[in-house]
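Colleague: Predicted structure and sequence below. I'll ask about it afterward.
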Amino acid sequence: MLDKNKPTIALTGATGFLGSHLMASLLSSGYKIKILGRPTKEETLQDRISKLLRWFGIAELSGQLELVNIDFLKPLLGLTEGNYKKLSAITDQIIHCASDTSFAERKRDTVFKSNVNSLESILDFAANAKVKFFHYISTAYVAGANGTICKECITSSTDFLNVYEESKAQAENIIITFCKKNSIPYTIIRPSIVYGDSHTGRSLRFNALYFPIQSLKYIKDIYLNDLKNHDGKKSNQHGIFLDKEDNLYLPMRIYLPKEGALNLIPVDYFVNATMKIITKSTSGGIYNLTNNAHTKLEKISTYNEKHMKIKGVEIIYGKSNDTVLRNPAEELFDRFMEPYRLYLSDNRIFDRVNTDLITDNLHPPEFTYEIFKNCMEYANSVNWGESIFAEENMKN
């Protein structure tokens, strides 16, 4: 139910993974929200948001929303002067969550266009609206190169693993400089790698943590089909077989540059921590939403062996010997995994002093097998996102 005492928030990125969960929490907490977004070629903004509200089971709260079709790359957000002034007059805070999360260097221009070049219009809007707060959803990985202690402060790093980290670091600096110059209170919120709900496993996106698991499932299905329908013609050449317990023995060597771990947080923790920050924020706060309990790939591999009934996966640290032949399963997995490989060897340590203080020491859970199982079972149930908005997957 709408709480008229709460500020009106303009939210970008509401159709994305993190933004949609923030939208649902804000609505459930009584906020009035202005969704700044755009249609796709297939769907209107109304259609996109309506599906999400049904997925979250909060369609009855749609009256607390106003949808505004905007274009970040146009003056006045692509609005008429009159509509722009009206929107400015009623906006108290902004949460800027819209982002292009691609790691690919070949998409550098697109990523920077979305994450950096588009900032001018939303920051000008913040200044014109005289907002009481500008909250920016960044990433913990802007804070320093691999192997460093990442403080909750303005980043000066010039060493990044990919174009996404680089663009978010530049965006932070632009936002902080602008907000200070224009006396706009701001916060920078830096989540690490976010997966689905730690209790239900529900998720709207299946990249990052999910991608290696989905890749292994794809490879497993190829060889199961070969064993069951083609007498193992390909499998037998590479020592792949089903054992007596119906486990698929799949000899695969995963090479990583060095030992490290993933920093994983569930989306419910991200939302709960962010809501505390928004409610209690002080200007200039930078917050690392990270997990002190890192998750090594060996643990995920063990979880996956149990869940997917695969054996034979071996993790090797150090450079692959070029003289050692890779089997087809290994070559395929290498191609799938390349964008994420360095994160599997990550040694970055994240300071959480500011975060612990403002969230009353709220911490994410350790990534247990039960959480892993719930997440992967949900991913399978919606065919890794393809049927996520089917009627049977909506919340009642």
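Modeller: Right, received. Where do you want to start?

Colleague: what about the stretch 201-350 of the chain, any weak spots by pLDDT?
Modeller: Within the stretch 201-350 of the chain, the segments meeting pLDDT under 70 span 321-323.

Colleague: in the helix or strand that contains residue 312, what counts as buried?
Modeller: Using DSSP states H and E, residue 312 sits in strand 310-317. Residues of strand 310-317 classed as buried by neighbour count (16 or more other C-beta atoms under 10 Å): 310, 312-313, 315. Every residue, glycine included, has its C-beta placed from N, CA and C.

Colleague: do stretch 165-177 as well
Modeller: 165-172, 174-176.

Colleague: Closest to residue 366 out of those residues?
Modeller: Closest to residue 366 out of the buried residues of stretch 165-177 is residue 165 (25.2 Å), distances taken as C-beta to C-beta.

Colleague: contacting residues for the closest one?
Modeller: By C-beta atoms under 8 Å, 6 or more residues apart in numbering, the residues touching residue 165 are 139, 141-142.

Colleague: Run the chain-centre distance for stretch 78-98.
Modeller: Relative to its parent chain, stretch 78-98 has a centroid offset of 26 Å by C-alpha atoms, centre = their mean, to the nearest Å.

Colleague: Going by neighbour count, which residues in that stretch are buried?
Modeller: Buried, per 16+ other C-beta under 10 Å, within stretch 78-98: 78-79, 84, 87-88, 91-98.

Colleague: How about the residue in this protein that sits furthest from its center?
Modeller: Relative to the mean C-alpha coordinate of the chain, counting by C-alpha atoms, centre = their mean, the farthest residue is residue 231 (41.1 Å).

Colleague: average pLDDT across stretch 168-178?
Modeller: Throughout stretch 168-178, pLDDT has a mean value of 97.

Colleague: Any idea how many residues pack against residue 395?
Modeller: The tally of other residues near residue 395 (other C-beta atoms under 10 Å) stands at 12.

Colleague: Could you double-check that it sits in contact with residue 55?
Modeller: Yes - counting by C-beta atoms under 8 Å, residue 395 does reach residue 55; the two are 6.5 Å apart.

Colleague: For this structure, just list every one of the strands.
Modeller: Residue ranges of the strands in the chain, as given by DSSP state E, are 8-12, 32-37, 65-69, 93-96, 133-137, 149-150, 186-191, 193-195, 241-242, 248-256, 264-266, 285-289, 310-317, 349-350.

Colleague: will you turn those into JSON lines that also has distance to residue 227?
Modeller: JSON lines is the format used below for the strands of the chain (distance: least, C-beta to C-beta, whole Å):
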{"stretch": "strand 8-12", "distance to residue 227": "48"}
{"stretch": "strand 32-37", "distance to residue 227": "47"}
{"stretch": "strand 65-69", "distance to residue 227": "51"}
{"stretch": "strand 93-96", "distance to residue 227": "50"}
{"stretch": "strand 133-137", "distance to residue 227": "45"}
{"stretch": "strand 149-150", "distance to residue 227": "46"}
{"stretch": "strand 186-191", "distance to residue 227": "41"}
{"stretch": "strand 193-195", "distance to residue 227": "31"}
{"stretch": "strand 241-242", "distance to residue 227": "6"}
{"stretch": "strand 248-256", "distance to residue 227": "8"}
{"stretch": "strand 264-266", "distance to residue 227": "33"}
{"stretch": "strand 285-289", "distance to residue 227": "44"}
{"stretch": "strand 310-317", "distance to residue 227": "13"}
{"stretch": "strand 349-350", "distance to residue 227": "44"}
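
Colleague: Would you mind measuring from the nearest residue to residue 112 once chain neighbours are set aside to residue 173?
Modeller: Leaving out its chain neighbours, the residue that sits closest to residue 112 by C-beta to C-beta, 6 or more residues apart in numbering is residue 167, at 5.3 Å. For residue 167, the distance to residue 173 equals 11 Å [C-beta to C-beta, to the nearest Å].

Colleague: what do you get for residue 248?
Modeller: With C-beta to C-beta as the criterion, residue 248 and residue 173 are 48 Å apart.

Colleague: Who is residue 289 paired with across the strands?
Modeller: Note on residue 289: beta-bridge partners residue 191, judged by DSSP bridges.

Colleague: residues near residue 47, how many?
Modeller: Using other C-beta under 10 Å, residue 47 has 12 neighbouring residues.

Colleague: which one is it nearest to, not counting chain neighbours?
Modeller: residue 39 (7.9 Å).

Colleague: Quickly note the distance from the one you found to residue 366.
Modeller: Using C-beta to C-beta, residue 39 is found at 40 Å from residue 366.

Colleague: how about the residue lying closest to residue 90 once chain neighbours are set aside, what does it touch?
Modeller: Counting by C-beta to C-beta, 6+ apart, residue 90 lies nearest to residue 8, which is 5.6 Å off, once chain neighbours are set aside. Contacts for residue 8 (C-beta under 8 Å, 6+ apart) come out as 31-34, 90-93.

Colleague: Would you mind measuring from residue 57 to residue 234?
Modeller: Taking C-beta to C-beta as the measure, residue 57 falls 45 Å from residue 234.

Colleague: Check the buried residues of stretch 78-98 against residue 151 and report the nearest one.
Modeller: Using C-beta to C-beta, residue 96 comes nearest to residue 151 of those, at 22.2 Å.

Colleague: Beta-bridge partners for the closest one, please?
Modeller: Beta-bridge partners, per DSSP bridges, of residue 96: residue 12, residue 136.

Colleague: which ones are touching it?
Modeller: Residue 96 touches 12-13, 122, 134-137, 175, counting by C-beta under 8 Å, 6+ apart.

Colleague: try residue 118
Modeller: Counting by C-beta under 8 Å, 6+ apart, residue 118 touches 72-73, 98.

Colleague: Now do the spatially closest residue to residue 127 that is not a sequence neighbour against residue 307, distance only.
Modeller: Using C-beta to C-beta, 6+ apart and skipping the chain neighbours, the partner closest in space to residue 127 is residue 182 (4.8 Å). Using C-beta to C-beta, we find residue 182 at a distance of 51 Å from residue 307.
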